[in-house]
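**Student:** What shape does this take:
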Amino acid sequence: MTRDQSLRSRLAARCARPDDDRGSMPLLMLVMLIGVSISSLLIPMIITQNNATRVAISRVHSLDAAQAGFDVVLGEIRTATSSAGDGLAAKLPCTDSVGHFMDNPEIGTVSVASRARYQVYVSYFDADPSAKSVAWQSSNHIRCVPGFGTQHVPAFALMQSTGTDRATGAFGGTNDRTLTTTYTFKTDNQNISGGLVRIYHDATKNNLDLCMDAGSANPASGTTVLMQMCSSPKTAQQLFSYNSDLSIQLVASSPAMCLDAGALPHATPAVNVTFRPCTTPAAARQQWSIDDSSNFQGSTSTGTLDGFCFNIQNSNTVGSPVVLDKNCGNYSITQTWVPEPAVGAGAAGQPLNGNPPPQLVNFQQFGRCLDVTNQSVGSTFMIAYPCKQAPNPATVAWNQKFSYNPANGEFVTVPSGTNYCMQSPGTVGGYVLFTTCPAGTPPTNLKWTYNGTTDSSGNQLPYVRKFTIVDSSTPSLCLGLSPDSDQYNGAYNKVIVTTCDGSLSQKWNADPNVQNPALLNTSEK
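**Tutor:** Numbers count the residues shown, from 1 in each chain. Here you go, the predicted structure:
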């Protein structure tokens, strides 16, 4: 081949190359079509994924807001203290409205830079509410009044916090989060006396609600005790303590001032009851015993009751002096006293199986004892009545003295030489009765298990089980008190059996306990 032929051959091959690329354009169009199709399929997926991410972020923000609500209310609870750092129930945050259950939430914003908000409810209880139904929680919460706090120191706080990532609108939307948790208070449930000493009044007859009053928190020696309208909130000049030596002391006074009615023996005519420096131990002239009619009766120098009692000189009258007069044994608006449980139990509350038989003092209402109503074993209910006193405890009336026989489980009281046994109704909320003790082995509804500090093997019991009296016929039931809506004469709770929960109203002749703070059972609804 010549050089020219070779050159023509290479040129011919180069010119023929375009004829080999005729399928490239359809292939390109196909690839583009597939790409567009795939893109159209990915767009909804991307949008869906974006929406899901936004929802997830919103729910995270809502959860953070709910947790922030917990932090805010928990901070308010922990700062509900006095200047000395002691907890004050009066400063606790309340989300109840006029005592209703969880109907007035605390609402706030997480920060000024965030639209996230929280809504928190908090209610207070004596027993752990975590595993209880809403109906139980609603029936058993401690009333909390904004500005006044709870009626007494609670053991638990149930908090429910809802968080939202929306700046406006009602709580409870699709992406909102609701958490619940239970806060255990750090408490020392040592009973500290200090309550009102009111005279019995019948509100249906327009009797005034009158209480003993000192005129000031620190009255001078010789100041007469006057009757004034019972204070609400309570004031220091009306808070008294009933001590184990039977003295009645104004709690705030310094030096300590006690009720005194002059030198012994007491005599007529009536003399004013005054404040005098407390003697230690209490001299007979400062010893006062609650008798069967809830009269405060004086003592002799030989340790017996002397028949002289506190009376209101002018019945149903503000400013009337309290006088000591030889007029006892009547249930009336001039001499029947209804000290609040917080006034204290005086000398009552010795251990079970003591000699003489002990009174059963309720730990929550620590000035009230189990009482056979009106000293009648035929009564259809028993009550928690002011603990009766006497210089010689052996002379306290039979209807507040009970012996316990762990061998057969009987709680026994003895009127007129006949043994009567405490009987369980076996139903939640049923009233405890007394019936004649049978010979031989008692039926199960007359048997009770008193839990002291240890079990039968000597092992320490948890505090939730200590000092409880358990119905042997229905071991899930414990001796306790009726709700305040079910009281005798509008003043004394009835004694019932109710589901055992370890609350203070189910503890009798108990020792105090220290409970440490903790958050329990946090969960999302």
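
**Student:** Count the residues that sit near D455.
**Tutor:** 11 (other C-beta atoms under 10 Å). Where C-beta positions appear, they are placed from N, C-alpha and C, glycine not excepted.

**Student:** Do you know the pLDDT at the closest residue in space to it that isn't next to it in sequence?
**Tutor:** Nearest residue to D455, sequence neighbours excluded (C-beta to C-beta, 6 or more residues apart in numbering): L461, at 5.8 Å. L461 carries a pLDDT value of 89.

**Student:** give me phi/psi at L461?
**Tutor:** phi -90, psi 150 (degrees, to the nearest 10).

**Student:** Contact partners for it?
**Tutor:** Residues near L461 by C-beta atoms under 8 Å, 6 or more residues apart in numbering: N451, G452, T453, T454, D455.

**Student:** Please repeat the previous calculation with a cut-off of 7 Å.
**Tutor:** N451, T453, T454, D455 (C-beta atoms under 7 Å, 6 or more residues apart in numbering).

**Student:** and the first one, bridged to which residues?
**Tutor:** For N451, the beta-bridge partners are T468 (DSSP bridges).

**Student:** wait, isn't it in contact with T468?
**Tutor:** Yes: the pair N451 / T468 is scored as a contact, 4.9 Å apart, by C-beta atoms under 7 Å.

**Student:** Which residue of these two possesses the greater neighbour count?
**Tutor:** The neighbour comparison of N451 against T468 (other C-beta under 10 Å) goes to T468, with 23 against 18.

**Student:** quick revisit: can you put the contacts of L461 in JSON lines and add secondary structure and pLDDT?
**Tutor:** What follows is the contacts of L461, written out as JSON lines (DSSP: H, G, I helix; E, B strand; the rest coil; pLDDT from 0 to 100):
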{"residue": "N451", "secondary structure": "strand", "pLDDT": "92"}
{"residue": "T453", "secondary structure": "coil", "pLDDT": "87"}
{"residue": "T454", "secondary structure": "strand", "pLDDT": "87"}
{"residue": "D455", "secondary structure": "coil", "pLDDT": "85"}
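
**Student:** Excluding sequence neighbours, find me the nearest residue to the most centrally placed residue in the chain.
**Tutor:** By C-alpha atoms, centre = their mean, the chain has its centre lying nearest to D126, at 3.3 Å. Of all residues beyond its chain neighbours, the one nearest D126 is S503 (4.2 Å), with distances taken as C-beta to C-beta, 6+ apart.

**Student:** Need the pLDDT of that neighbour.
**Tutor:** 90.

**Student:** do C15 as well
**Tutor:** C15 is given a pLDDT of 50.

**Student:** circling back: between the contacts of L461, which is nearest S221?
**Tutor:** Distance to S221, by C-beta to C-beta, is smallest for T453 among those, at 43.2 Å.

**Student:** The closest one: neighbour count?
**Tutor:** T453, neighbours per other C-beta under 10 Å, totals 14.

**Student:** Hmm, I333 is touching K205, no?
**Tutor:** No: contact criterion C-beta under 7 Å: I333 and K205 do not qualify, at 8.5 Å.

**Student:** what about these two, which has more around it?
**Tutor:** I333 (16 against 8).

**Student:** May I have the phi/psi pair for N419?
**Tutor:** phi -80, psi 130.

**Student:** dump the residue contacts of the nearest residue to it once chain neighbours are set aside.
**Tutor:** With C-beta to C-beta, 6+ apart as the criterion, N419 has its nearest non-adjacent residue at 4.2 Å, and that residue is C437. The contact partners of C437, taken as C-beta under 7 Å, 6+ apart, are E410, V412, N419, Y420, C421.

**Student:** what number of residues lie near S221?
**Tutor:** 11.

**Student:** Tell me the secondary structure of the residue lying closest to it once chain neighbours are set aside, please.
**Tutor:** Excluding its sequence neighbours, the residue lying closest to S221 (C-beta to C-beta, 6+ apart) is R276, at 5.6 Å. Put simply, R276 is strand when judged by DSSP: H, G, I helix; E, B strand; the rest coil.

**Student:** my read: R276 touches A256, true?
**Tutor:** No: R276 is beyond contact range of A256, at 10.1 Å (criterion: C-beta under 7 Å).

**Student:** any weak-confidence spans in the chain?
**Tutor:** 1-23, 35-37, 39-53, 97-100, 188, 353-356, 514-516 (pLDDT under 70).

**Student:** circling back: now for the contacts of C437, which pair is the farthest apart?
**Tutor:** Farthest pair in these, by C-beta to C-beta: E410 and Y420, 9.8 Å.

**Student:** What separates the first and last residues of stretch 138-158, distance-wise?
**Tutor:** 11 Å (C-alpha to C-alpha, to the nearest Å).

**Student:** Please identify, among the contacts of C437, the one with the most neighbours.
**Tutor:** C421 (25 neighbours).

**Student:** Look up which residues are beta-bridged to that residue.
**Tutor:** In beta-bridge terms (that is, DSSP bridges), C421 pairs with V412, T435.
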